[in-house]
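Enquirer: Next come a sequence and a model predicted from it.
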Amino acid sequence: MHLGDEACGNGVYRGGVDGDDSYRRWWAFAGVSVISFLGCIDLTIVNTAAPEIQGDLGATVIELQLIVNIFIAALSMFMVTMGRLADRYGRRRVLYCGTVVFGVASLAAGAAADVRLLIVCRFVQGAACAVLYTATSAIVANAFPPERRGKAIGALYGVNGIGLAVGPVLGGFIVSGFGWRWVFWLNVPLIVIALAICFPTVRESRGGGNERMDWLGLTLLTAGLPAVILGLTLGDTWGWGSGQIIGLLGGGVLALTAFCVVERKVVSPIVDFQLFVNRTFIGAIVADFSLAFFYCLAFFLMPLFLYSVRHYQGYASGLMLLPCTALVALLSPLVGRLVDRFPPRLLLCVGFAAFALSAVLQARFTRDSGFADIVVAFLLMGVGWAFVLGPATVAALSSAPDRLAGTAVGASWTFHNLGGAIGLAAGMAVYRWSAADSLADALAARHLPGGAWAEAVVADPSAGAVALRAHTGLGGREADELFGELFLRGNQ
């Protein structure tokens, strides 16, 4: 017997499980967890391979940024769309299609002989990964009864946390032992294993109904979201007043505004705006947005602090961040159990309190901060992450009808990605403004001239101390101390 042989009133199987078939249910969970794990590990594992990719394919710095950012842009572009397609045409069917496309794109990325082809493959990977995120969450939520849903979602995000945690370390090992191409080829055998588990265990589920797809809304959404996210991501690189950024942000906002107008008029919208009337759903997406706003900025600035101020090497910096992501993996299953017993808003309050404490500690970092001070701040960030991510997803799913489970997850993850992009853009703008102001004061106090090079010190923290030594004549120790002060002022 397959998972969930119980029919809904519309004649479509609900996708739940037989009460006595717990063994098969958890095998299905294992299969979709491996698929979701792949989507998470590909968010972090590629960063480690960037230097090798640059040397092998001759990629520029901007092209390296695109290899990472185009994945996130495609992921955000298709998140709601894939959730809607999964609800409409069947979550298992869409998951299998997306997983196969992800595997083919991984094969092509590993074989790429040109950086432009690699960027295209990363875009396809990101689009397919939108299926991996939305369909897996909807399948797990649909397969478990409400009283056990929190435990299942928590376990799923525990697996995802492991993917985030081991990505940088595993990437370093693979690149050192086998080369950067195996960072992508690793996905293929794992996909084969996951599909072999899923085929006999995962039951089809869908939202029901035979409404036509809103192709106009789909086009506007897939044009607007990536334009806004790429504009926010590349604003500091291209200049906020440049024609490219103004065009991306302006065009993206216009497309999304038109999308909202269209969705309120069509019979079968991509996004059912009735979801946004529900206060629980609004609270869930605000929590997801805020979570990504904080950790994306922290995960960008903290490695720079460890490398440029504390002078940890790249591999050591990755290990210093490991307590945060490892704690997410360890705590998520426990938090999932707590969601079944306590209101999600209580757990969200605990999570954001931990984030606030972590932010205070990170703002107090100095050049002499000890190992324990740094690790405690990162551990608190991991606690906050675990106590927000799972409960926010459960709250979003519980506030939406079963027929819109995929759409709810897609909307939640879309706001999550927007939070990350906006947090990184806003935080970096504040950092650069504060650091530039501090640098001007420091140069004036030392009677040293400024210039375009001073802007480069602020724009590229990884090479800031080197630029100071080259253009000011300061000794190595004095330049390091000055840059450390600038970075910490900007980080506060």
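Expert: Nice, thanks for sending it over.

Enquirer: Leu387 touches Pro344, doesn't it?
Expert: Careful, residue 387 is Phe and not Leu. No. Phe387 is beyond contact range of Pro344, at 9.9 Å (criterion: Cβ atoms under 8 Å). Every residue, glycine included, has its C-beta placed from N, CA and C.

Enquirer: Looking at those two, which one has more neighbours?
Expert: Legend: neighbour count by other Cβ atoms under 10 Å for Phe387 and Pro344, higher for Phe387 (29 against 26).

Enquirer: so who does that one touch?
Expert: Leu331, Val335, Leu347, Leu348, Val350, Gly351, Ala354 (Cβ atoms under 8 Å, 6 or more residues apart in numbering).

Enquirer: and it, helix, strand or coil?
Expert: The three-state label given to Phe387 by DSSP: H, G, I helix; E, B strand; the rest coil is helix.

Enquirer: Need the single longest helix in the chain, by residues.
Expert: Assignment by DSSP state H gives helix 405-445 as the longest helix of the chain.

Enquirer: other SSEs contacting it?
Expert: Counting contacts by 3 or more Cβ pairs under 8 Å, 6 or more residues apart in numbering; DSSP states H and E, helix 405-445 packs against helix 61-89, helix 115-143, helix 215-238, helix 279-304, helix 371-398, helix 452-459, helix 476-491.

Enquirer: Helix 61-89 and that helix, what's the angle between them?
Expert: Between helix 405-445 and helix 61-89, the angle comes out at 160 degrees (axes from the mean of the first three to the mean of the last three Cα atoms, to 10 degrees).

Enquirer: Run the angle between helix 405-445 and helix 279-304 for me.
Expert: Going by the same axes, to 10 degrees, helix 405-445 makes 40 degrees with helix 279-304.

Enquirer: so helix 405-445 versus helix 371-398, what angle?
Expert: Going by the same axes, to 10 degrees, helix 405-445 makes 150 degrees with helix 371-398.

Enquirer: can you give me how far helix 405-445 is from the chain middle?
Expert: 14 Å (Cα atoms, centre = their mean, to the nearest Å).

Enquirer: Same question for stretch 353-372.
Expert: 23 Å.

Enquirer: Next, the buried residues of that stretch.
Expert: Ala354, Phe355, Leu357, Ser358, Ala359, Leu361, Gln362, Phe365, Ser369 (16 or more other Cβ atoms under 10 Å).

Enquirer: Just the CA trace of that stretch, in PDB.
Expert: What follows is stretch 353-372, C-alpha atoms only, in PDB (Å, rounded to 0.1, in the frame of the first residue of the first chain):
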ATOM      1  CA  ALA A 353      15.700  37.000  21.600                       C
ATOM      2  CA  ALA A 354      18.700  34.800  20.800                       C
ATOM      3  CA  PHE A 355      19.300  36.700  17.600                       C
ATOM      4  CA  ALA A 356      19.200  40.000  19.600                       C
ATOM      5  CA  LEU A 357      21.800  38.800  22.100                       C
ATOM      6  CA  SER A 358      24.000  37.500  19.200                       C
ATOM      7  CA  ALA A 359      23.800  40.900  17.500                       C
ATOM      8  CA  VAL A 360      24.800  42.700  20.600                       C
ATOM      9  CA  LEU A 361      27.800  40.400  21.100                       C
ATOM     10  CA  GLN A 362      28.900  40.700  17.500                       C
ATOM     11  CA  ALA A 363      28.600  44.500  17.600                       C
ATOM     12  CA  ARG A 364      31.000  44.400  20.600                       C
ATOM     13  CA  PHE A 365      33.700  42.400  18.800                       C
ATOM     14  CA  THR A 366      37.200  43.900  18.900                       C
ATOM     15  CA  ARG A 367      40.600  43.000  17.500                       C
ATOM     16  CA  ASP A 368      41.300  41.200  20.800                       C
ATOM     17  CA  SER A 369      38.000  39.300  21.200                       C
ATOM     18  CA  GLY A 370      38.700  35.800  22.500                       C
ATOM     19  CA  PHE A 371      37.800  32.500  20.900                       C
ATOM     20  CA  ALA A 372      35.000  32.000  23.500                       C
END
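
Enquirer: Contacts made by it with the rest, please.
Expert: By Cβ under 8 Å, 6+ apart, stretch 353-372 touches 291, 294, 298, 302, 305, 309-310, 373-374, 376-378, 380-381, 383-385, 387-388, 481, 484, 488, 491-492.

Enquirer: how about 7 Å then?
Expert: Residues from elsewhere that reach stretch 353-372, judged by Cβ atoms under 7 Å, 6 or more residues apart in numbering: 294, 298, 305, 309, 373, 376-377, 380-381, 383-384, 387, 484, 488, 491-492.

Enquirer: Likewise for stretch 228-238?
Expert: 62, 65, 69, 72-73, 76, 244-245, 248-249, 252-253, 256, 417-418, 421-422, 425, 428.

Enquirer: Now do that stretch, average pLDDT.
Expert: When pLDDT is averaged along stretch 228-238, the result is 78.

Enquirer: Would you mark the buried spots in that stretch?
Expert: Buried residues in stretch 228-238 (16+ other Cβ under 10 Å): Val228, Ile229, Leu230, Gly231, Leu232, Thr233, Leu234, Gly235, Asp236, Trp238.

Enquirer: right, and the helices and strands packed on helix 405-445 - which one's nearest Gly172?
Expert: Nearest of those to Gly172, taken as Cβ to Cβ: helix 279-304 at 13.5 Å.

Enquirer: Could you give me the buried positions within the closest one?
Expert: 281, 283-285, 287-304.

Enquirer: now do stretch 322-339
Expert: Result for stretch 322-339 [16+ other Cβ under 10 Å]: buried residues 322-329, 331-336, 338-339.

Enquirer: Leaving out the residues flanking it, which one is nearest to Phe280?
Expert: Not Phe; residue 280 is Thr. Ser399 (4.0 Å; Cβ to Cβ, 6 or more residues apart in numbering).

Enquirer: How far off centre is stretch 341-348?
Expert: 23 Å.

Enquirer: How about residues contacting that stretch?
Expert: Gly283, Ala287, Val335, Leu338, Val339, Phe387, Val388, Pro391, Ala392, Val394, Ala395.

Enquirer: What mean pLDDT does it get?
Expert: Stretch 341-348 comes out at a mean pLDDT of 89.

Enquirer: can you check stretch 312-324 too?
Expert: 71.

Enquirer: who's in contact with the residue nearest the centre of the chain?
Expert: By Cα atoms, centre = their mean, the chain has its centre lying nearest to Asn417, at 6.0 Å. Shown in contact with Asn417 (Cβ under 7 Å, 6+ apart): Ile72, Leu75, Ser76, Ile229, Ala292.

Enquirer: Let's see that with 6 Å instead.
Expert: Ser76 (Cβ atoms under 6 Å, 6 or more residues apart in numbering).

Enquirer: Leu448 too?
Expert: Thr472.

Enquirer: per-residue confidence for it?
Expert: 72.

Enquirer: got it, and Ala143?
Expert: pLDDT, Ala143: 78.

Enquirer: Please renumber the chain so that the first residue is 23 from this point on.
Expert: Happy to do that; since the first residue is 23 now, the last one works out to Ala165.

Enquirer: what number of residues lie near it?
Expert: 27.

Enquirer: The one 10 residues further on too?
Expert: Per other Cβ under 10 Å, the neighbour tally for Ile175 reads 26.
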